[in-house]
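Student: sequence and predicted structure are below.
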Amino acid sequence: MRWSDLQNSWVINEQVTESEIPIYPINSSGNQKVWQYGVDRVRADLTEFKVKLQGDSYEVYKKKRINLSGILPRTWWDNPLYSARDNGTAAITDIFGDKQAFSFPKSVHAVSDSLKVSGVGKESIILDYFAGSGTTGHAVINLNREDEGKRKYILVEMGEYFDTVTKPRIQKVIYSKDWRDGKPLGRQGISHCFKYLRLESYEDTLNNLSLARTAQQELALGGSAQFREGYLLRYMLDVESRASLFDVARFRNPFACYIDVTRQNERTPTRVDLVETFNYLIGLVVEGQYISGKHIRVVTGQTLKGEKTLIIWRNQDEVDNAALNEWLQKSGYNPRDREFDRIYVNGDNHLENLRRDDETWKVTLIEEEFSKRMG
(Lines give C-alpha, C1' and ligand atoms only; values in the text may rest on other atoms or scores of the structure.)
Protein backbone atom coordinates (compact mmCIF):
# COMPACT_ATOMS: atom_id res chain seq x y z
CA MET A 1 0.00 0.00 0.00
CA ARG A 2 0.97 3.62 -0.43
CA TRP A 3 -0.19 6.88 1.07
CA SER A 4 -2.14 9.23 -1.21
CA ASP A 5 -2.02 12.90 -0.24
CA LEU A 6 -4.73 13.57 -2.82
CA GLN A 7 -7.16 11.07 -1.30
CA ASN A 8 -5.73 11.54 2.25
CA SER A 9 -5.78 7.77 2.75
CA TRP A 10 -3.87 4.56 2.13
CA VAL A 11 -4.21 3.02 -1.34
CA ILE A 12 -3.66 -0.74 -1.78
CA ASN A 13 -1.38 -1.51 -4.74
CA GLU A 14 -2.34 -5.16 -5.22
CA GLN A 15 -5.40 -7.32 -5.32
CA VAL A 16 -6.43 -8.57 -1.90
CA THR A 17 -7.22 -12.30 -1.89
CA GLU A 18 -9.84 -14.04 0.24
CA SER A 19 -7.13 -15.31 2.63
CA GLU A 20 -5.64 -11.86 3.18
CA ILE A 21 -6.65 -9.07 5.55
CA PRO A 22 -5.35 -5.50 5.03
CA ILE A 23 -3.85 -4.01 8.20
CA TYR A 24 -3.44 -0.24 8.30
CA PRO A 25 -0.88 1.67 10.40
CA ILE A 26 -3.44 2.94 12.89
CA ASN A 27 -2.51 2.95 16.57
CA SER A 28 -4.67 1.90 19.52
CA SER A 29 -6.02 5.48 19.81
CA GLY A 30 -7.30 5.39 16.22
CA ASN A 31 -4.66 7.81 14.90
CA GLN A 32 -3.15 7.39 11.44
CA LYS A 33 0.57 6.55 11.57
CA VAL A 34 3.15 5.18 9.12
CA TRP A 35 4.86 1.81 8.93
CA GLN A 36 8.25 1.78 10.67
CA TYR A 37 9.68 -0.86 8.34
CA GLY A 38 9.52 -1.17 4.57
CA VAL A 39 8.14 -4.13 2.60
CA ASP A 40 11.53 -5.51 1.59
CA ARG A 41 12.92 -5.43 5.14
CA VAL A 42 9.89 -7.21 6.55
CA ARG A 43 9.95 -9.90 3.86
CA ALA A 44 13.67 -10.47 4.51
CA ASP A 45 13.02 -11.60 8.08
CA LEU A 46 9.40 -12.48 8.72
CA THR A 47 10.31 -14.41 11.89
CA GLU A 48 10.94 -11.09 13.67
CA PHE A 49 7.29 -10.04 13.30
CA LYS A 50 3.97 -11.36 14.47
CA VAL A 51 0.30 -10.37 14.19
CA LYS A 52 -2.08 -10.32 17.16
CA LEU A 53 -5.82 -9.80 17.32
CA GLN A 54 -6.52 -6.86 19.63
CA GLY A 55 -10.27 -6.52 20.14
CA ASP A 56 -11.83 -6.24 16.68
CA SER A 57 -8.63 -5.47 14.78
CA TYR A 58 -5.23 -6.94 14.08
CA GLU A 59 -1.94 -5.31 15.01
CA VAL A 60 1.62 -6.02 13.88
CA TYR A 61 4.41 -6.39 16.43
CA LYS A 62 8.17 -6.71 16.07
CA LYS A 63 10.07 -8.81 18.58
CA LYS A 64 12.04 -6.78 21.10
CA ARG A 65 15.74 -7.60 21.30
CA ILE A 66 18.52 -6.35 23.55
CA ASN A 67 20.11 -3.59 21.54
CA LEU A 68 23.86 -4.26 21.65
CA SER A 69 24.64 -0.69 20.69
CA GLY A 70 22.42 0.73 23.43
CA ILE A 71 19.08 2.48 23.18
CA LEU A 72 18.08 5.97 24.19
CA PRO A 73 16.07 5.80 27.44
CA ARG A 74 13.02 7.90 28.01
CA THR A 75 13.41 10.84 30.37
CA TRP A 76 10.90 9.37 32.79
CA TRP A 77 10.71 5.63 33.48
CA ASP A 78 7.24 4.93 34.79
CA ASN A 79 7.05 1.16 34.40
CA PRO A 80 5.52 -0.28 37.61
CA LEU A 81 8.11 -3.05 37.46
CA TYR A 82 10.76 -0.47 38.40
CA SER A 83 9.24 0.12 41.82
CA ALA A 84 11.80 -0.64 44.52
CA ARG A 85 9.06 -1.28 47.04
CA ASP A 86 6.95 -3.61 44.91
CA ASN A 87 9.70 -5.37 42.96
CA GLY A 88 12.74 -4.78 45.14
CA THR A 89 11.60 -5.51 48.67
CA ALA A 90 9.08 -8.03 47.37
CA ALA A 91 11.85 -9.93 45.56
CA ILE A 92 13.92 -10.14 48.75
CA THR A 93 10.84 -11.34 50.66
CA ASP A 94 10.20 -14.04 48.05
CA ILE A 95 13.81 -15.20 48.04
CA PHE A 96 14.46 -15.16 51.80
CA GLY A 97 10.96 -15.20 53.28
CA ASP A 98 11.86 -12.07 55.27
CA LYS A 99 11.30 -8.52 54.02
CA GLN A 100 13.63 -7.23 56.76
CA ALA A 101 16.64 -9.03 55.24
CA PHE A 102 17.69 -5.87 53.38
CA SER A 103 16.35 -2.32 53.41
CA PHE A 104 15.10 -0.79 50.15
CA PRO A 105 16.75 -3.00 47.50
CA LYS A 106 16.49 -1.93 43.84
CA SER A 107 14.11 -3.62 41.43
CA VAL A 108 15.85 -6.26 39.34
CA HIS A 109 13.73 -5.10 36.35
CA ALA A 110 15.08 -1.55 36.64
CA VAL A 111 18.66 -2.82 36.70
CA SER A 112 18.04 -5.21 33.78
CA ASP A 113 16.66 -2.43 31.61
CA SER A 114 19.49 -0.11 32.64
CA LEU A 115 21.97 -2.73 31.42
CA LYS A 116 20.08 -3.05 28.13
CA VAL A 117 20.16 0.71 27.67
CA SER A 118 23.92 0.77 28.30
CA GLY A 119 24.38 -1.65 25.41
CA VAL A 120 25.84 -4.69 27.18
CA GLY A 121 26.68 -7.54 24.81
CA LYS A 122 26.30 -11.25 25.44
CA GLU A 123 29.88 -11.49 26.76
CA SER A 124 30.14 -8.13 28.55
CA ILE A 125 31.57 -7.70 32.05
CA ILE A 126 29.36 -5.65 34.39
CA LEU A 127 30.99 -3.97 37.41
CA ASP A 128 29.03 -2.76 40.45
CA TYR A 129 31.09 -1.02 43.13
CA PHE A 130 28.13 -0.91 45.54
CA ALA A 131 26.58 -4.36 45.26
CA GLY A 132 24.15 -4.03 48.18
CA SER A 133 21.77 -6.98 48.13
CA GLY A 134 23.19 -8.25 44.81
CA THR A 135 20.51 -6.92 42.43
CA THR A 136 23.05 -6.33 39.65
CA GLY A 137 24.30 -9.92 39.82
CA HIS A 138 20.67 -11.11 39.83
CA ALA A 139 19.92 -9.00 36.74
CA VAL A 140 22.94 -10.35 34.84
CA ILE A 141 21.93 -13.92 35.62
CA ASN A 142 18.40 -13.20 34.37
CA LEU A 143 19.71 -11.68 31.12
CA ASN A 144 21.87 -14.75 30.52
CA ARG A 145 18.82 -16.91 31.09
CA GLU A 146 16.87 -14.95 28.47
CA ASP A 147 19.34 -15.21 25.58
CA GLU A 148 21.91 -17.80 26.73
CA GLY A 149 24.50 -15.04 27.08
CA LYS A 150 27.85 -15.35 28.83
CA ARG A 151 27.92 -12.02 30.64
CA LYS A 152 30.00 -11.79 33.79
CA TYR A 153 29.65 -9.56 36.83
CA ILE A 154 32.05 -8.17 39.42
CA LEU A 155 30.36 -7.10 42.66
CA VAL A 156 32.08 -5.14 45.44
CA GLU A 157 30.52 -4.84 48.89
CA MET A 158 31.85 -4.01 52.37
CA GLY A 159 28.65 -4.48 54.42
CA GLU A 160 28.32 -7.34 56.89
CA TYR A 161 25.17 -8.41 55.04
CA PHE A 162 27.37 -9.81 52.25
CA ASP A 163 27.34 -13.20 54.02
CA THR A 164 23.64 -13.09 54.91
CA VAL A 165 22.09 -11.47 51.81
CA THR A 166 24.39 -10.74 48.86
CA LYS A 167 26.08 -14.12 48.44
CA PRO A 168 23.05 -16.26 49.40
CA ARG A 169 20.86 -14.31 46.95
CA ILE A 170 23.20 -15.10 44.05
CA GLN A 171 23.25 -18.77 45.07
CA LYS A 172 19.47 -18.91 45.24
CA VAL A 173 18.72 -17.25 41.89
CA ILE A 174 21.23 -19.58 40.26
CA TYR A 175 19.33 -22.57 41.67
CA SER A 176 15.85 -21.37 40.70
CA LYS A 177 14.38 -18.50 38.71
CA ASP A 178 11.28 -18.03 40.90
CA TRP A 179 10.91 -18.05 44.69
CA ARG A 180 8.08 -17.55 47.16
CA ASP A 181 8.39 -17.25 50.95
CA GLY A 182 12.00 -18.45 50.83
CA LYS A 183 11.21 -21.59 48.84
CA PRO A 184 11.91 -22.31 45.14
CA LEU A 185 8.84 -22.57 42.92
CA GLY A 186 10.74 -24.64 40.38
CA ARG A 187 14.18 -25.78 39.39
CA GLN A 188 14.85 -23.60 36.37
CA GLY A 189 18.50 -23.22 37.29
CA ILE A 190 21.40 -21.95 35.22
CA SER A 191 24.93 -23.28 34.68
CA HIS A 192 27.00 -20.92 36.77
CA CYS A 193 30.18 -20.62 38.81
CA PHE A 194 31.31 -17.65 40.89
CA LYS A 195 34.28 -16.88 43.09
CA TYR A 196 34.23 -14.54 46.06
CA LEU A 197 37.15 -13.22 48.06
CA ARG A 198 37.56 -11.03 51.09
CA LEU A 199 40.18 -8.30 50.83
CA GLU A 200 42.32 -7.52 53.85
CA SER A 201 41.18 -4.17 55.19
CA TYR A 202 43.18 -1.33 56.70
CA GLU A 203 41.76 -2.25 60.11
CA ASP A 204 42.83 -5.88 59.64
CA THR A 205 46.39 -4.72 58.98
CA LEU A 206 46.45 -2.54 62.10
CA ASN A 207 45.01 -5.33 64.24
CA ASN A 208 47.81 -7.67 63.19
CA LEU A 209 50.71 -5.29 63.82
CA SER A 210 53.09 -6.32 66.58
CA LEU A 211 56.00 -4.15 67.70
CA ALA A 212 59.39 -5.75 68.35
CA ARG A 213 62.32 -3.65 69.62
CA THR A 214 65.85 -5.04 69.79
CA ALA A 215 68.26 -4.44 72.67
CA GLN A 216 70.40 -2.21 70.42
CA GLN A 217 67.37 -0.10 69.52
CA GLU A 218 66.42 0.24 73.19
CA LEU A 219 69.96 1.32 74.07
CA ALA A 220 69.97 3.96 71.32
CA LEU A 221 66.63 5.34 72.44
CA GLY A 222 67.82 5.76 76.02
CA GLY A 223 70.66 8.07 75.06
CA SER A 224 68.71 11.17 73.96
CA ALA A 225 65.21 12.35 74.81
CA GLN A 226 65.06 14.39 71.61
CA PHE A 227 66.13 11.43 69.49
CA ARG A 228 63.59 9.22 71.27
CA GLU A 229 60.74 11.65 70.54
CA GLY A 230 61.64 11.89 66.85
CA TYR A 231 61.95 8.12 66.59
CA LEU A 232 58.53 7.52 68.15
CA LEU A 233 56.85 10.01 65.82
CA ARG A 234 58.53 9.04 62.55
CA TYR A 235 60.08 5.60 62.62
CA MET A 236 58.68 3.34 65.37
CA LEU A 237 55.70 1.97 63.43
CA ASP A 238 57.74 1.40 60.29
CA VAL A 239 60.80 -0.15 61.97
CA GLU A 240 59.34 -2.16 64.83
CA SER A 241 56.29 -3.50 62.97
CA ARG A 242 58.13 -4.48 59.79
CA ALA A 243 58.40 -8.16 60.71
CA SER A 244 54.67 -8.44 61.39
CA LEU A 245 53.75 -6.67 58.13
CA PHE A 246 55.80 -9.17 56.16
CA ASP A 247 56.67 -12.32 58.09
CA VAL A 248 58.75 -14.72 56.01
CA ALA A 249 57.78 -17.51 58.41
CA ARG A 250 54.25 -17.41 56.97
CA PHE A 251 55.62 -18.78 53.70
CA ARG A 252 57.15 -21.88 55.26
CA ASN A 253 53.73 -23.50 55.11
CA PRO A 254 51.75 -21.19 52.79
CA PHE A 255 48.64 -23.34 53.09
CA ALA A 256 48.25 -22.53 56.79
CA CYS A 257 48.68 -18.75 56.89
CA TYR A 258 46.30 -16.95 59.26
CA ILE A 259 45.64 -13.39 60.39
CA ASP A 260 43.21 -12.11 63.02
CA VAL A 261 40.11 -10.57 61.46
CA THR A 262 37.70 -8.52 63.58
CA ARG A 263 34.04 -9.08 62.74
CA GLN A 264 31.21 -7.94 64.99
CA ASN A 265 33.75 -6.86 67.64
CA GLU A 266 35.30 -10.35 67.80
CA ARG A 267 38.77 -11.24 66.55
CA THR A 268 38.86 -14.54 64.68
CA PRO A 269 41.87 -16.29 63.09
CA THR A 270 41.13 -16.30 59.33
CA ARG A 271 43.09 -18.15 56.67
CA VAL A 272 44.84 -16.06 54.02
CA ASP A 273 45.06 -17.51 50.52
CA LEU A 274 48.68 -16.69 49.69
CA VAL A 275 48.49 -18.60 46.40
CA GLU A 276 45.59 -16.51 45.11
CA THR A 277 47.09 -13.30 46.45
CA PHE A 278 50.38 -13.88 44.65
CA ASN A 279 48.57 -14.52 41.36
CA TYR A 280 47.04 -11.07 41.62
CA LEU A 281 50.28 -9.42 42.74
CA ILE A 282 52.22 -10.52 39.65
CA GLY A 283 49.25 -10.04 37.31
CA LEU A 284 48.99 -13.71 36.34
CA VAL A 285 46.34 -14.95 33.93
CA VAL A 286 45.97 -18.45 35.35
CA GLU A 287 45.87 -21.23 32.79
CA GLY A 288 46.02 -24.20 35.13
CA GLN A 289 46.63 -25.25 38.70
CA TYR A 290 46.70 -28.54 40.52
CA ILE A 291 47.64 -30.09 43.84
CA SER A 292 50.42 -32.67 43.81
CA GLY A 293 50.16 -34.93 46.83
CA LYS A 294 49.32 -33.17 50.07
CA HIS A 295 52.08 -30.60 50.24
CA ILE A 296 52.72 -29.13 46.76
CA ARG A 297 50.52 -26.83 44.69
CA VAL A 298 51.40 -25.81 41.14
CA VAL A 299 50.09 -22.80 39.20
CA THR A 300 50.83 -22.10 35.52
CA GLY A 301 49.87 -19.11 33.42
CA GLN A 302 51.03 -16.01 31.66
CA THR A 303 51.68 -12.53 33.03
CA LEU A 304 50.33 -9.39 31.41
CA LYS A 305 53.81 -8.88 29.95
CA GLY A 306 53.50 -12.22 28.18
CA GLU A 307 55.89 -14.22 30.41
CA LYS A 308 55.03 -17.92 30.63
CA THR A 309 55.15 -18.57 34.36
CA LEU A 310 55.41 -21.57 36.66
CA ILE A 311 54.74 -21.16 40.40
CA ILE A 312 55.59 -23.94 42.86
CA TRP A 313 54.26 -23.72 46.40
CA ARG A 314 55.31 -26.27 49.02
CA ASN A 315 55.03 -26.95 52.70
CA GLN A 316 58.73 -26.77 53.55
CA ASP A 317 58.21 -28.79 56.73
CA GLU A 318 57.21 -31.72 54.53
CA VAL A 319 59.03 -31.00 51.23
CA ASP A 320 62.70 -30.15 51.69
CA ASN A 321 65.07 -29.29 48.84
CA ALA A 322 65.95 -32.90 48.10
CA ALA A 323 62.27 -33.83 47.89
CA LEU A 324 61.61 -30.76 45.72
CA ASN A 325 64.34 -31.78 43.22
CA GLU A 326 63.00 -35.32 43.11
CA TRP A 327 59.47 -34.04 42.49
CA LEU A 328 60.67 -31.80 39.65
CA GLN A 329 62.33 -34.72 37.90
CA LYS A 330 59.21 -36.88 38.19
CA SER A 331 56.96 -34.03 37.03
CA GLY A 332 59.09 -33.28 33.97
CA TYR A 333 59.83 -29.65 34.90
CA ASN A 334 63.34 -28.48 34.05
CA PRO A 335 64.39 -24.96 35.07
CA ARG A 336 66.95 -24.90 32.26
CA ASP A 337 64.58 -25.53 29.36
CA ARG A 338 62.49 -22.93 27.53
CA GLU A 339 59.03 -24.10 28.58
CA PHE A 340 58.71 -21.24 31.09
CA ASP A 341 60.16 -17.73 31.12
CA ARG A 342 59.92 -17.39 34.89
CA ILE A 343 59.73 -19.88 37.76
CA TYR A 344 58.73 -18.91 41.31
CA VAL A 345 59.38 -21.17 44.32
CA ASN A 346 58.84 -20.50 48.02
CA GLY A 347 61.81 -21.08 50.31
CA ASP A 348 65.53 -21.32 49.65
CA ASN A 349 66.27 -24.07 47.15
CA HIS A 350 68.99 -25.70 45.07
CA LEU A 351 67.30 -25.39 41.68
CA GLU A 352 69.52 -24.69 38.72
CA ASN A 353 69.15 -21.09 37.68
CA LEU A 354 69.71 -19.06 34.53
CA ARG A 355 70.39 -15.36 34.09
CA ARG A 356 67.94 -13.87 31.63
CA ASP A 357 68.55 -11.26 28.95
CA ASP A 358 67.30 -8.50 31.26
CA GLU A 359 69.89 -9.51 33.91
CA THR A 360 67.24 -11.06 36.18
CA TRP A 361 67.22 -14.68 37.30
CA LYS A 362 64.77 -17.18 35.86
CA VAL A 363 64.13 -18.89 39.23
CA THR A 364 62.91 -16.36 41.80
CA LEU A 365 62.00 -16.71 45.46
CA ILE A 366 58.30 -16.05 46.05
CA GLU A 367 59.11 -14.29 49.33
CA GLU A 368 61.38 -11.76 47.61
CA GLU A 369 58.88 -10.98 44.86
CA PHE A 370 56.01 -10.82 47.35
CA SER A 371 57.87 -8.41 49.62
CA LYS A 372 58.92 -6.16 46.72
CA ARG A 373 55.40 -5.88 45.32
CA MET A 374 53.69 -5.48 48.69
CA GLY A 375 56.21 -2.77 49.63
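Tutor: In hand now; what should we look at? Numbering: from 1, shown residues only.
Student: ends of stretch 82-99, what's the gap?
Tutor: By CA to CA, to the nearest Å, the extent of stretch 82-99 from end to end equals 18 Å.
Student: who touches it?
Tutor: 80-81, 101-102, 104-110, 113, 133, 135, 138, 165, 168-169, 172-173, 178-183 (CB atoms under 8 Å, 6 or more residues apart in numbering). Using the backbone N, CA and C atoms, a C-beta is placed for each residue, glycine as well.
Student: just those residues: which are in strands?
Tutor: Among the contacts of stretch 82-99, the members found in strands (DSSP state E) are 179, 180, 183.
Student: give me the number of residues near the second one?
Tutor: By that I understand residue 180. Neighbour count for residue 180, taken as other CB atoms under 10 Å: 11.
Student: ditto for the last one
Tutor: Applying other CB under 10 Å, we find 10 other residues in the vicinity of residue 183.
Student: how near is it to residue 176?
Tutor: The gap separating residue 183 from residue 176 is 9 Å, by CB to CB, to the nearest Å.
Student: again, but for residue 342
Tutor: With CB to CB as the criterion, residue 342 and residue 176 are 45 Å apart.
Student: domain parsing for the protein?
Tutor: 2-62, 80-184, 203-271, 274-374 (automatic domain parsing).
Student: quick one: the helices in the stretch 51-200 of the chain, in order.
Tutor: Under the criterion DSSP state H, counting those that start in this stretch, helices of the stretch 51-200 of the chain are mapped to 84, 90-96, 108-117, 135-147, 166-175.
Student: cool, the stretch 201-350 of the chain as well?
Tutor: Going by DSSP H, counting those that start in this stretch, the stretch 201-350 of the chain shows helices at 202-207, 215-221, 225-234, 236-240, 242-245, 274-281, 321-331.
Student: and stretch 264-276, what's buried?
Tutor: Judged by neighbour count (16 or more other CB atoms under 10 Å), stretch 264-276 contains these buried residues: 272, 274, 275.
Student: any low-confidence regions in this structure?
Tutor: 65-74, 232-235, 237, 242-245, 359, 375 (pLDDT under 70).
Student: with adjacent residues omitted, what lies nearest to the spatially most central residue of it?
Tutor: Central residue of the chain (CA atoms, centre = their mean): residue 154, 2.7 Å from the mean position. Computed as CB to CB, 6 or more residues apart in numbering, the closest residue to residue 154 that is not its neighbour in sequence is residue 127, at 4.7 Å.
Student: show me the contacts for that neighbour.
Tutor: 153, 154, 156.
Student: quick check: the gap between it and residue 21.
Tutor: Taking CB to CB, one finds residue 127 at 50 Å from residue 21.
Student: what does stretch 136-154 rub up against?
Tutor: Residues contacting stretch 136-154 (CB under 8 Å, 6+ apart): 66, 91, 108, 111-112, 115-116, 120-128, 131, 155, 166, 169-170, 173-174, 177, 188, 190, 192.
Student: could you list the buried residues of that stretch?
Tutor: Residues of stretch 136-154 classed as buried: 136, 137, 138, 139, 140, 141, 142, 143, 144, 149, 151, 153 (neighbour count, 16+ other CB under 10 Å).
Student: export the domains of the chain to JSON lines and tack on distance to residue 197?
Tutor: JSON lines is the format used below for these (distance: least, CB to CB, whole Å):
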{"stretch": "domain 2-62", "distance to residue 197": "43"}
{"stretch": "domain 80-184", "distance to residue 197": "11"}
{"stretch": "domain 203-271", "distance to residue 197": "12"}
{"stretch": "domain 274-374", "distance to residue 197": "7"}
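Student: ok, and which of those has the densest surroundings?
Tutor: Most buried of the domains of the chain by mean neighbour count (mean count of other CB atoms under 10 Å) is domain 80-184; its value is a mean of 17.
Student: can you tell me how far residue 58 is from residue 20?
Tutor: With CB to CB as the criterion, residue 58 and residue 20 are 11 Å apart.
Student: now do the contacts for residue 170.
Tutor: 134, 137, 138, 141, 194.
Student: let me fix that, I meant to ask about residue 59.
Tutor: Counting by CB under 8 Å, 6+ apart, residue 59 has contacts 23, 28, 51, 52.
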